[in-house]
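[1] what follows is a predicted structure for the sequence shown.
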Amino acid sequence: MEPTAPPGLDTQVLIDLAHARMPFGKYTGSLLLKLPERYLLWFAREGFPKGKLGEQLAMMLEIKTNGLEYLLRPLAPPDRPFRRP
């Protein structure tokens, strides 16, 4: 059975979000799903990047703030553990 998204939200948006990785900074290469909430809150204070990445970070903050990560976990690819450089 195909996963269903809430009304008005395309399922592909959720799949893309579950597969999205951070392209720069301290968490380069990490799935957005794995980013700490405090990092997303920093972006909220300082300003999200423009474009699709900013939209995805803002959406991820909403998902994490509301405890809904469990909805994306089944859609996410297997991930390697994050290691600090």
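    Structure received.
[2] spatially central residue in this protein, please.
    residue 32 (3.5 Å; Cα atoms, centre = their mean).
[3] what about this structure, any weak spots by pLDDT?
    1-9, 79-85 (pLDDT under 70).
[4] ranges for the strands of it?
    Applying DSSP state E to the chain gives no strands.
[5] quick one, helices of it?
    11-19, 37-46, 52-65, 69-72 (DSSP state H).
[6] show me what the longest one is packed against.
    Which is helix 52-65. Other helices and strands packing on helix 52-65, by 3 or more Cβ pairs under 8 Å, 6 or more residues apart in numbering; DSSP states H and E, are helix 11-19, helix 37-46, helix 69-72. From N, CA and C alone the C-beta is placed, and that goes for glycine too.
[7] so it versus helix 37-46, what angle?
    Between helix 52-65 and helix 37-46, the angle comes out at 130 degrees (axes from the mean of the first three to the mean of the last three Cα atoms, to 10 degrees).
[8] just to revisit the earlier point, out of the helices of the chain, flag the one nearest residue 78.
    When those are compared by Cβ to Cβ, helix 11-19 sits nearest residue 78, at 11.2 Å.
[9] next, the buried residues of the closest one.
    Residues 14, 17-18 are the ones in helix 11-19 that count as buried (16 or more other Cβ atoms under 10 Å).
[10] and it, how far from the chain's centre?
    Distance of helix 11-19 from its chain centroid, counting by Cα atoms, centre = their mean, to the nearest Å, is 9 Å.
[11] got the end-to-end distance for stretch 22-33?
    10 Å (Cα to Cα, to the nearest Å).
[12] neighbouring contacts of that stretch?
    Residues from elsewhere that reach stretch 22-33 (Cβ atoms under 8 Å, 6 or more residues apart in numbering): 17-21, 34-35, 39, 53, 56-57, 60, 69, 72-73, 76-77, 79, 82.
[13] residue 77 contacts residue 19, doesn't it?
    Yes - contact status for residue 77 versus residue 19: in contact at 6.0 Å, counting by Cβ atoms under 8 Å.
[14] picking that back up, ranking the helices of the chain by burial, who's on top?
    helix 52-65 (a mean of 17; mean count of other Cβ atoms under 10 Å).
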